[in-house]
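Trainee: next input, structure requested:
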Amino acid sequence: MEPAELTALLTPEGLRLVDELGAVDSTAEVAAAVSRLRAAGLSPDLVSAAVGQARLRTRARAKFGAFADRMLFTRAGLEQATRLSIGARHAGRFRDAGLTRIADLGCGIGGDALALAGLGLEVLAVDADETTAALAAYNLAPFADTATVRHARAEDVDLAGVDAVWLDPARRTAGHTETTRVGAGDWSPPLEWVFDLSSRMPAGIKLGPAFDRALIPADAEAQWITVDGSTIELVLWTGALARAGIRRAALVVRGEAAAEVTASGDAPDVPVRALGAFVHEPEGAVIRARLIGEVARGLDAGMLAPGIAYLTSDAALTNPFVQSFRVRERLPFDVKALARALRERGIGTLEIKKRGVDVDPAALRTKLKLHGPESATLLLTRIDDKRVALLADRV
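Mentor: As a prediction, this is how the structure comes out:
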């Protein structure tokens, strides 16, 4: 957001305009809103800021629910913000540890600080970007008695009187993806500073789920989190916020339900076994936490193949840490033969999942020319170093 847009937005007229616009999301809705407001004689900066905020609020409802309708965002801030339901779980850990004065260092638009303040904790929210700090101050205004926002670098904040910290370090090297290894010095604030601070006081550190495991401090609890099928983050907990004896954890949330598997370290994988009546795909948090073996033992399952995150069993068991499929039959991997087999079975709706094979599901779906009233799941993987196609049904 440009400074002129922020100045126009943070006025009674600008805020009232955003509220009046309501839901705006599609390109057609945006174009119509811009045309109408410009025709009414409003300034380009005000129109751009108001319509942009209305669109971001609409999208933010997936993370913040009804709270989104009174918040302000930047596009990057919304993308990086913790979902309010997950933020509330993090805040609960601070509260349950008896830590009541929290510094949120790198608060962004204030999502985590909002969750902390919502549980009655005192929050000092800090961000190095002036625009972002201004939006955080607006978002935290309902908690003015317990939440303070400051524009500053995390490293420069006086933490006297603070019980614990929440940190969300940002990668400052452009062009990195989740699977790119990023050096400890390529973060803001630097990871050396972050980890030093976390060794001296209780801390929660939010990172991407693909964070380099070699950089995780040995005494931290590493908790990977999957929400509705998407693995969204890794949180490192230290000091009083780390649970005794736990070094690896996978939290899986679906809707209002949550389940967690924990261990004192990486769990060894279970042995490979022959294809059984069921195939289970572990949730992303379980895979990232390397707790597949822990989950497999609870299902009386074995690995379907070495190094591939599919389990198989004959026991009619499932749990929240896997998606389970009942195997119908093994089909030819050849595209023409596969298309013929699916056509003979009348399968017109097909979910395609793959692990360990180089296949583009969208391209394959086009080639299969599906038609018919039946539905199924196709699992593409490797068994005994051979590509296989398993026709299955979700349990």
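
Trainee: what values do phi and psi take at the residue sitting furthest away from the middle of the chain?
Mentor: For the chain, the residue at maximal distance from the C-alpha centroid (Cα atoms, centre = their mean) is residue 41, at 41.2 Å. Recorded main-chain torsions at residue 41 are phi 90, psi 10, according to degrees, to the nearest 10.

Trainee: and stretch 316-334, what's buried?
Mentor: Judged by neighbour count (16 or more other Cβ atoms under 10 Å), stretch 316-334 contains these buried residues: 318, 320, 321, 322, 323, 324, 325, 327, 331. C-beta coordinates here come from the backbone N, C-alpha and C atoms, glycine included.

Trainee: pLDDT averaged over that stretch - what is it?
Mentor: On average, the pLDDT along stretch 316-334 is 95.

Trainee: which of the helices or strands spans the spatially most central residue of the chain?
Mentor: The structure's the chain has its C-alpha centroid closest to residue 232; by Cα atoms, centre = their mean the separation is 1.7 Å. Residue 232 is part of strand 230-238, with elements assigned from DSSP states H and E.

Trainee: which neighbouring elements make contact with that strand?
Mentor: helix 84-96, helix 191-200, strand 203-207, strand 221-227, helix 284-288 (3 or more Cβ pairs under 8 Å, 6 or more residues apart in numbering; DSSP states H and E).

Trainee: go again using 10 Å as the cut-off
Mentor: In terms of contacts (3 or more Cβ pairs under 10 Å, 6 or more residues apart in numbering; DSSP states H and E), strand 230-238 is packed against helix 84-96, strand 164-167, helix 191-200, strand 203-207, strand 221-227, strand 248-254, helix 284-288.

Trainee: in its sheet, which strands sit next to it, and in what direction?
Mentor: Paired with strand 230-238 in the same sheet, following DSSP bridges, are strand 203-207 (antiparallel), strand 221-227 (antiparallel).

Trainee: out of the ones you listed, flag the one nearest residue 239.
Mentor: strand 203-207 (6.6 Å; Cβ to Cβ).

Trainee: the closest one versus helix 84-96: what angle between them?
Mentor: 160 degrees (axes from the mean of the first three to the mean of the last three Cα atoms, to 10 degrees).

Trainee: tell me how far strand 203-207 is from the chain's mean position?
Mentor: 14 Å (Cα atoms, centre = their mean, to the nearest Å).

Trainee: ok, now which ones touch residue 284?
Mentor: 209, 224, 225, 226, 227, 229, 230, 231, 232, 250, 252, 309 (Cβ atoms under 10 Å, 6 or more residues apart in numbering).

Trainee: only whichever of those residues are buried, select them in PyMOL.
Mentor: Only the buried entries of these go into this PyMOL selection, using 16+ other Cβ under 10 Å:
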select buried, resi 209+224+225+226+227+231+232+250+252+309
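
Trainee: what bridges to residue 391?
Mentor: residue 329, residue 378.

Trainee: what is the burial count for it?
Mentor: Using other Cβ atoms under 10 Å, residue 391 has 20 neighbouring residues.

Trainee: surely residue 318 meets residue 282?
Mentor: No. Residue 318 is beyond contact range of residue 282, at 11.5 Å (criterion: Cβ atoms under 10 Å).

Trainee: which residues are in contact with each of the two?
Mentor: In contact with both residue 318 and residue 282: residue 299, using Cβ under 10 Å, 6+ apart.

Trainee: same list (the strands paired with strand 230-238) but as TSV, adding mean pLDDT.
Mentor: Putting the strands paired with strand 230-238 into TSV (pLDDT from 0 to 100) gives the following:
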stretch	mean pLDDT
strand 203-207	97
strand 221-227	98
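
Trainee: which of those strands sits closest to residue 278?
Mentor: Across the strands paired with strand 230-238 (criterion: Cβ to Cβ), the nearest stretch is strand 221-227, sitting at 20.5 Å.

Trainee: quick one, that closest one and strand 248-254 angle?
Mentor: Going by the same axes, to 10 degrees, strand 221-227 makes 20 degrees with strand 248-254.

Trainee: output the below-cut-off pLDDT ranges for the stretch 201-350 of the chain.
Mentor: Applying pLDDT under 70 to the stretch 201-350 of the chain flags no residue at all.

Trainee: what are the buried residues along stretch 21-36?
Mentor: Result for stretch 21-36 [16+ other Cβ under 10 Å]: buried residues 21, 24, 29, 33, 34.

Trainee: measure the residue lying closest to residue 128 once chain neighbours are set aside to residue 129 for me?
Mentor: Nearest non-adjacent residue to residue 128, counting by Cβ to Cβ, 6 or more residues apart in numbering: residue 153, 4.9 Å away. Taking Cβ to Cβ, to the nearest Å as the measure, residue 153 falls 10 Å from residue 129.

Trainee: any common contacting residues for these two?
Mentor: Common neighbours of residue 153 and residue 129 (Cβ under 10 Å, 6+ apart) are residue 106.

Trainee: these two: which has the busier surroundings?
Mentor: residue 129 (16 against 13).
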